[in-house]
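K.L.:
Predicted structure and sequence below. I'll ask about it afterward.
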Amino acid sequence: MLTVDFARLGLRPHERVLDLGCGGGRHAYESLRRGADVVALDASDTELKEVAVLLAAMVEEGEAACGAGVAVNGNALALPFPDHAFDRVIAAEVLEHIPRDTAALVELARVLRPGGTMAVTVPRWGPELVNWALSDAYHSVEGGHVRIYRRSTVISRLQGVGLRVMGWHHAHALHTPYWWLRCAVGVDRADHPLVRAYHRLLVWDITAATPVTRVPERLLNPYLGKSLVVYAEKPAP
């Protein structure tokens, strides 16, 4: 399930990509499939080990086109890379977890080359506000969300670190009611019958990629999209 539109990111084969806060690695895997040299960085060793294994397997099985992939444990506030190390940067659903988000953006802008592009995704303000209102447990757990972003805030943060915003869109409208339901019945109630039924629908959508779900989601994204995706470029000197 991709949040970032790779066509808008502008990724090309042989380019260097940083996937910050890679989590399960979904954007790192797609970057590798498109022939990029990928660094998947996360602060959690748990998921990172699995990401490293799958990146290596993709290369071995010939699914990586002409690219390579590596998983790195690191801190978003002190990235272990030189200036201008990457052509593209992805920060998907991670800034809302970082108390010093501006400091993280400074680091991302530093390692992005002039002329390179960045995609930043965060939970959208409206749907996220409902989640917070329905459940404290949704956001107050350790490592949970520390803020809710308005689009204007994300744009101003990116501009503040010297990037030029190129555009934005919303994604994952079908996931918004799912999380409203989870928050209403209790975020720890994954076994609730309604939650399980909705989860099966989402899994079917991801695996089947059918117009039955994709077309309604595309139409609903401007109104109910759970994620805000903003694209920015580092101006060339």
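P.N.:
All right, it came through fine.
K.L.:
Buried residues in the longest strand seen in the chain, which are they?
P.N.:
The residue-count maximum for a strand in the chain (DSSP state E) belongs to strand 112-123. By neighbour count on 16 or more other Cβ atoms under 10 Å, the buried set for strand 112-123 is 112-113, 116-123. All C-beta spots, glycine's among them, are computed from the backbone N, C-alpha and C.
K.L.:
Sheet-wise, list the partners of that strand with their directions.
P.N.:
Strand 112-123 sits in its sheet next to strand 86-92 (parallel), strand 227-233 (antiparallel), going by DSSP bridges.
K.L.:
Leu9 is nearest to which of those strands?
P.N.:
With respect to Leu9, and counting by Cβ to Cβ, the nearest of the strands paired with strand 112-123 is strand 86-92 at 5.7 Å.
K.L.:
number of nearby residues for the closest residue to Val154 other than its chain neighbours?
P.N.:
Once flanking residues are discounted, Val154 sits nearest to Val230: 5.2 Å by Cβ to Cβ, 6 or more residues apart in numbering. Counted with other Cβ atoms under 10 Å, the neighbours of Val230 add up to 22.
K.L.:
pretty sure Val230 is in contact with Ser156, am I right?
P.N.:
No: look at Val230 against Ser156 with Cβ atoms under 8 Å: they stay out of range, at 10.8 Å.
K.L.:
Now for the protein, the helix or strand with the poorest mean pLDDT.
P.N.:
helix 137-140 (a mean of 90; mean pLDDT, DSSP states H and E).
K.L.:
what packs against that one?
P.N.:
helix 125-134, helix 175-185 (3 or more Cβ pairs under 8 Å, 6 or more residues apart in numbering; DSSP states H and E).
K.L.:
what's the distance between the helix or strand that the longest one is followed by and the middle of its chain?
P.N.:
Where DSSP states H and E defines the elements, the next helix or strand beyond helix 175-185 is helix 193-208. Relative to its chain's centre, helix 193-208 lies at 21 Å (Cα atoms, centre = their mean, to the nearest Å).
K.L.:
Next, the angle from helix 193-208 to helix 175-185.
P.N.:
On the basis of axes from the mean of the first three to the mean of the last three Cα atoms, to 10 degrees, helix 193-208 is oriented at 160 degrees to helix 175-185.
K.L.:
List of residues touching whatever helix or strand comes next after helix 193-208?
P.N.:
Sequence-wise, the next helix or strand beyond helix 193-208 is helix 211-224, with elements assigned using DSSP H and E. Helix 211-224 is contacted from outside by 127, 169-174, 176-177, 201, 204-205, using Cβ atoms under 8 Å, 6 or more residues apart in numbering.
K.L.:
for the residue nearest the centre of the chain, which residues make a bridge with it?
P.N.:
Computing the C-alpha centroid of the chain and ranking residues by Cα atoms, centre = their mean puts Ala92 first, at 1.7 Å. Bridge pairing for Ala92 (DSSP bridges) gives the partners Thr121.
K.L.:
pLDDT score for it?
P.N.:
Per-residue pLDDT puts Ala92 at 97.
K.L.:
So it sits against Thr3, correct?
P.N.:
Yes: with contact defined as Cβ under 8 Å, Ala92 reaches Thr3; the gap is 5.3 Å.
K.L.:
Spell out which residues are contacts of both of the two.
P.N.:
Shared contacts of Ala92 and Thr3, defined by Cβ under 8 Å, 6+ apart, are found at 27, 121.
K.L.:
burial of Tyr149, as a residue count?
P.N.:
21.
K.L.:
That one: what's it in contact with?
P.N.:
95-96, 122-123, 125, 128, 228.
K.L.:
and what of Val38?
P.N.:
17, 19, 28, 31-32, 55, 67-70.
K.L.:
Quickly note the distance from it to Ser31.
P.N.:
Noted for Val38: a distance of 5 Å to Ser31, by Cβ to Cβ, to the nearest Å.
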